Every structure is written in C-alpha cells, then in structure tokens.
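1. Next one to model:
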Amino acid sequence: MTFETFLFVVTLLYIIQVSIFILGLRRNNDTKNNSNQLFVSVIIAARNEESNISACIESVANQTYPTDQYEIIIANDGSVDRTEAIVKLIFKIF
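-> Below you'll find the model as predicted:
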C-alpha cells in the first residue's frame with residue numbers, strides 16, 4: 001500500500017465520521033424544543049442567614065424562568081436567629 005492510498009483511505013474515513021456526526025446533530029431535537037422546559041427545584045440551605053435570606057429568596061423568585069416550572073425549597077439547618085420567621089413571612093407574601 002502506497003502512502004497516497006493510505007492517505008486517501010484515512011481521509012475517506014474521516015469524511016464519513018464527520019458526516020455521521022453532522023447527521024446526528026441534525027436529528028437532535030433537544031436544543032430546538034424550548035417549549036417543554038424542565039421542572040426545577042431550587043434548594044437553599046440556610047443556617048443563621050437572617051441578614052441574607054430575604055435577598056436570596058427574592059433573587060431566585062425574580063428569575064425569568066416560568067414560575068409554574070420551578071419550586072423554592074428552604075432547608076433550615078437549626079437556625080437560632082430569625083431566619084425561619086423571615087422565610088415564613090416572605091412565602092406569605094409570594
């Protein structure tokens with residue numbers, strides 16, 4: 001086998017591989033269909049976050065993601081300050 005023949009075979013195999021890859025990308029519909037967004041759970045771990053928790057919850061709640069497609073879960077890890085009371089107050093407002 002001459003070098004030219006070897007080079008031709010390798011080039012042909014490369015073109016076939018690239019063609020299969022491009023066809024696979026065209027068949028992938030995940031990136032084209034944005035109407036079926038996933039449901040997302042946002043979990044916020046909070047322990048003694050009295051001064052930060054309201055801004056954190058407001059930041060998550062003000063996202064552009066559809067509000068019916070996500071939930072916010074606050075995990076209180078034994079706070080001894082007013083974190084739990086602030087969270088309850090904020091969720092009464094929302």
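2. So residue 54 versus residue 70, what's the distance?
-> Note on residue 54: its distance to residue 70, by Cβ to Cβ, to the nearest Å, is 18 Å. The C-beta positions use only the backbone N, C-alpha and C, and glycine is treated the same way.
3. Ignore what I typed, I meant residue 17.
-> 40 Å.
4. Residue 40 too?
-> 4 Å.
5. And the strands in this structure?
-> 40-46, 70-76 (DSSP state E).
6. What residues sit buried inside the last one?
-> Translated: strand 70-76. 70, 72, 74 (16 or more other Cβ atoms under 10 Å).
7. what's near enough to touch the last one?
-> Translated: residue 74. Going by Cβ atoms under 8 Å, 6 or more residues apart in numbering, residue 74 touches 44, 46, 53, 57, 87.
8. Tally up the residues packed near the residue lying closest to residue 71 once chain neighbours are set aside, please.
-> Nearest non-adjacent residue to residue 71, counting by Cβ to Cβ, 6 or more residues apart in numbering: residue 41, 5.3 Å away. Neighbour count for residue 41, taken as other Cβ atoms under 10 Å: 8.
9. measure the residue nearest the centre of the chain to residue 52 for me?
-> Centroid-nearest residue in the chain: residue 40, 8.0 Å away (criterion: Cα atoms, centre = their mean). As judged by Cβ to Cβ, residue 40 and residue 52 stand 21 Å apart.
10. Which among the strands of the chain is found nearest to residue 13?
-> With Cβ to Cβ as the measure, strand 40-46 is the member of the strands of the chain nearest residue 13 (42.4 Å).
11. That closest one: which residues count as buried?
-> Under 16+ other Cβ under 10 Å, the buried positions of strand 40-46 are 44, 46.
12. go on, stretch 42-60?
-> Quick answer for stretch 42-60 (16+ other Cβ under 10 Å): 44, 46, 49, 53, 56-57.
13. Straight-line length of it, end to end?
-> Using Cα to Cα, to the nearest Å, one end of stretch 42-60 lies 8 Å from the other.
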